[in-house]
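Trainee: pasting the structure only:
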């Protein structure tokens, strides 16, 4: 006859106790981590809320740089800070890009100063010439041919004209005139400051050569736009020292070998 089998229906109490301790420890760790995450979430939410309160608004807006042709109000409006938004809502990159869309603005940088200030540093494009048009208006251009403004009266700048095979007209504000005007633009942006006031107009011929009409009635033939500094020096020396008499033309197409003609 087979002896009865003794079944072990229970676990050693010490092992059970150890398992329970391990499970409790795990549960406590999970609870601690949940508490930490919840605390961080509360702090982040509180921080975001605080950053959107009047304590951190862009109350002080400073527009730096010389910008005689663009109002401070226009710059602030383009940057989106007119209504003193929360500083955290002012994104420097996009804000600067919007300011640079203003016709005269060449570059812009937007800097946030916590807790409540913004600086907008701008550099303006330099007007160097005007072109007739559209219609009876005048278009002001920078040295790259970008149209900066259109006015009904002519600004006190040299008039740029180009006699190409097809008409060369100024572009709309913010756009650039055709490449046929490039030689004249190069002359306009490199004229010596003391000489600019004497230049009434800059004309680019169909072959790309350039001539100047001066306030004195003289015409200066520059030829191509090579060696411009030397050609400017020749013109200045002739005007200052030469006896022009009935001369109407100064030809400096060959640098350092100028000629004076009727």
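Mentor: In hand now; what should we look at? This is a predicted model, so every value here is computed, not measured.
Trainee: Now do the strands in the stretch 51-200 of the chain.
Mentor: Here the stretch 51-200 of the chain has its strands, by DSSP state E, counting those that start in this stretch, at 60-64, 105-113, 117-124, 127-132, 138-142, 147-151, 159-162, 199-204.
Trainee: What residues of the first one count as buried?
Mentor: If I follow you right, that is strand 60-64. 61, 63 (16 or more other CB atoms under 10 Å). In this view, the C-beta of every residue, glycine as well, is placed from N, C-alpha and C.
Trainee: so what strands line up beside it?
Mentor: Strand 60-64 has the following strand partners under DSSP bridges: strand 117-124 (parallel).
Trainee: in the partner strand, what counts as buried?
Mentor: By 16+ other CB under 10 Å, the buried positions in strand 117-124 come out as 118, 119, 120, 122, 123, 124.
Trainee: for those, which one is nearest residue 29?
Mentor: residue 118 (45.6 Å; CB to CB).
Trainee: What separation is there between that closest one and residue 55?
Mentor: 15 Å (CB to CB, to the nearest Å).
Trainee: In the protein, what helix or strand scores lowest on average pLDDT?
Mentor: Least confident helix or strand, the chain: helix 13-51 with a mean of 68, by mean pLDDT, DSSP states H and E.
Trainee: Residue 217: how many residues sit nearby?
Mentor: Counted with other CB atoms under 10 Å, the neighbours of residue 217 add up to 10.
Trainee: my guess is it meets residue 247, correct?
Mentor: No - taking contacts as CB atoms under 8 Å, residue 217 lies outside contact range of residue 247: 10.0 Å.
Trainee: where are the low-confidence patches of the stretch 151-262 of the chain?
Mentor: Counting by pLDDT under 70, the stretch 151-262 of the chain contains low-confidence residues at 165-166.
Trainee: what residue ranges in the stretch 1-150 of the chain are flagged as low confidence?
Mentor: Low-confidence segments of the stretch 1-150 of the chain, defined by pLDDT under 70, are located at 1-10, 35, 38-54.
Trainee: Quick check: closest non-adjacent residue to residue 232.
Mentor: Nearest non-adjacent residue to residue 232, counting by CB to CB, 6 or more residues apart in numbering: residue 192, 5.6 Å away.
Trainee: biggest separation within the buried residues of strand 117-124, which pair?
Mentor: Between all members of these, the farthest pair (by CB to CB) comes out as 118 and 124, at 19.4 Å.
Trainee: which ones are touching residue 83?
Mentor: Residue 83 makes no contacts at all, as judged by CB atoms under 8 Å, 6 or more residues apart in numbering.
Trainee: what's the spacing between it and residue 144?
Mentor: Separation of residue 83 from residue 144 (CB to CB): 34 Å.
Trainee: same thing with residue 173?
Mentor: For residue 173, the distance to residue 144 (CB to CB) stands at 14 Å.
Trainee: Over to residue 69?
Mentor: Counting by CB to CB, the gap from residue 69 to residue 144 is 16 Å.
Trainee: what's the strand or helix carrying residue 229 in contact with?
Mentor: Using DSSP states H and E, the secondary-structure element containing residue 229 is helix 228-241. For helix 228-241, the surrounding residues in contact (CB under 8 Å, 6+ apart) are 186-187, 190-192, 194-195, 198, 216, 218, 220, 222-223, 244, 250, 252-253, 255-256, 258, 260.
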